[in-house]
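> Fold the following.
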Amino acid sequence: YKNRVLKKLIAQNFESQYGTSDSTVTILAQSQRNELDALPALLLHKTEQSFNELQKFTNYLPIVRKIELYKSYLAGFDNDPAAYSLAAITVTVAMRITYYDLWTLASKAPSLRFSFQDPTPRWGYDIAKGQTYAEGELENCYFASLKLFSELESTNEKLGAKAIVLQRHFTQAVLTLDGAAVRQISTISDSTEAINRLQEKLTEILPIISSK
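Numbers count the residues shown, from 1 in each chain. Next up is the predicted model:
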């Protein structure tokens, strides 16, 4: 019953309103405005000190020393991720991304959590690097997909419409990353434009943990 009510409210307020897809990466939440503030929580399981003692200790450390400790901890994570928790750092972002890129991120960063709208041709598409030789043929596929999608939706064949959406059509997604996911995503090379935008935003707000 509650599900039916929710669907009705969404249909009444949002269903017919298709906005413009935004290509920016928007920060929705961040647990640590300064990533160095997470240092006591990161070091906790590597010491026998209480959290308060660690906090007092790190508060009096020079910035340079804090950064050295932080980078040393990250080096330990790179060598053995299972032994070094980065859960004290979290960031939530909203972005436009392809279904294909979402699963690329999930495979590289297992701790990543996300929710997303069903991909739709309305938000456009992304052609992978190295496929420019077939760009014309691929564009024809995307145009045909959009046409068929619209025709199926107009006849209320929504399940059929979903079936013809391609993996590189864009969707709107919300991603929640812990420090481990941030670190692992920052190392992805030869990435798409959407992943590059995410990497740039993460480097902007978490420069130390995102450093390669």
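> where exactly do the strands run in the chain?
Per DSSP state E, the chain carries strands over the ranges 26-30, 90-98, 113-116, 170-178.
> Switch the ones you listed over to a markdown table; also include mean neighbour count and mean pLDDT.
Placement of C-beta: from N, CA and C, glycine included. Shown next, in a markdown table, are those (neighbours: other CB atoms under 10 Å; pLDDT from 0 to 100):
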| stretch | mean neighbour count | mean pLDDT |
| --- | --- | --- |
| strand 26-30 | 12 | 94 |
| strand 90-98 | 21 | 95 |
| strand 113-116 | 14 | 94 |
| strand 170-178 | 20 | 94 |
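> Dump the ones you listed to a markdown table, plus distance to residue 187.
As requested, those are arranged in a markdown table below (distance: least, CB to CB, whole Å):
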| stretch | distance to residue 187 |
| --- | --- |
| strand 26-30 | 21 |
| strand 90-98 | 17 |
| strand 113-116 | 19 |
| strand 170-178 | 13 |
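> Residues touching stretch 187-200, excluding its own?
Applying CB atoms under 8 Å, 6 or more residues apart in numbering, the contact partners of stretch 187-200 are 23-25, 93, 95-98, 101, 104-105, 108, 126, 128-129, 170, 175, 185-186, 210, 212.
> if you set the cut-off to 7 Å instead, what comes out?
Stretch 187-200 has contacts (CB atoms under 7 Å, 6 or more residues apart in numbering) with 25, 95-98, 101, 105, 108, 126, 185-186, 212.
> I'd like to know which helix or strand in the protein has the lowest mean pLDDT.
helix 2-10 (a mean of 58; mean pLDDT, DSSP states H and E).
> Spatially central residue for the protein, please.
residue 175 (4.1 Å; CA atoms, centre = their mean).
> Isn't that residue up against residue 109?
No: Residue 175 lies out of contact with residue 109 (CB atoms under 7 Å); the separation is 9.5 Å.
> tell me the mean pLDDT over stretch 43-59?
On average, the pLDDT along stretch 43-59 is 91.
> Buried residues of that stretch, list them for me.
43-44, 54-55, 58 (16 or more other CB atoms under 10 Å).
> Just the closest of the residues you listed to residue 161, please.
Minimum distance to residue 161 across the buried residues of stretch 43-59 is 49.8 Å, recorded for residue 44 (CB to CB).
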